[in-house]
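Engineer: this one's sequence-less:
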């Protein structure tokens, strides 16, 4: 079995095999995709919390007055 390594950017779920390797590939191939993990950003976390809010027993939200109270 031969192994070739190259960088590629998938487009519509397809990966182009570089021309230098196309002649050497015959029949079926085994494909292993190594992709960086997608980082969870602040927006993703906020979206997730809005969809599935945490429920904390005994929690009482601040009143408007408490939020804007100057200390």
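Structural biologist: Thanks, I have the structure now. In this text the structure is predicted, and so the values were computed from the model without any measurement.
Engineer: rest of the way, CA atoms for contacts and neighbours
Structural biologist: Noted.
Engineer: Now do the contacts for residue 18.
Structural biologist: Residue 18 is in contact with residue 6, counting by CA atoms under 8 Å, 6 or more residues apart in numbering.
Engineer: Report the separation between it and residue 8.
Structural biologist: 9 Å (CA to CA, to the nearest Å).
Engineer: Listing request: residues of this structure with sub-threshold pLDDT.
Structural biologist: Filtered on pLDDT under 70, the chain yields the residue ranges 39-42.
Engineer: Point me to the residue sitting farthest from the middle of it.
Structural biologist: Residue farthest from the centre of the chain, counting by CA atoms, centre = their mean, is residue 71 at 42.0 Å.
Engineer: separation between it and residue 62?
Structural biologist: For residue 71, the distance to residue 62 equals 15 Å [CA to CA].
Engineer: Could you do residue 7 as well?
Structural biologist: From residue 7 across to residue 62, the span is 52 Å (CA to CA).
Engineer: now swap in residue 29 and tell me
Structural biologist: Taking CA to CA, one finds residue 29 at 60 Å from residue 62.
Engineer: Residue 65 is in what secondary structure piece?
Structural biologist: Per DSSP states H and E, residue 65 falls inside helix 64-68.
Engineer: Distance from the chain centre to that helix, please.
Structural biologist: 37 Å (CA atoms, centre = their mean, to the nearest Å).
Engineer: Which other helices and strands does it contact?
Structural biologist: For helix 64-68, there is no helix or strand it packs on, judged by 3 or more CA pairs under 8 Å, 6 or more residues apart in numbering; DSSP states H and E.
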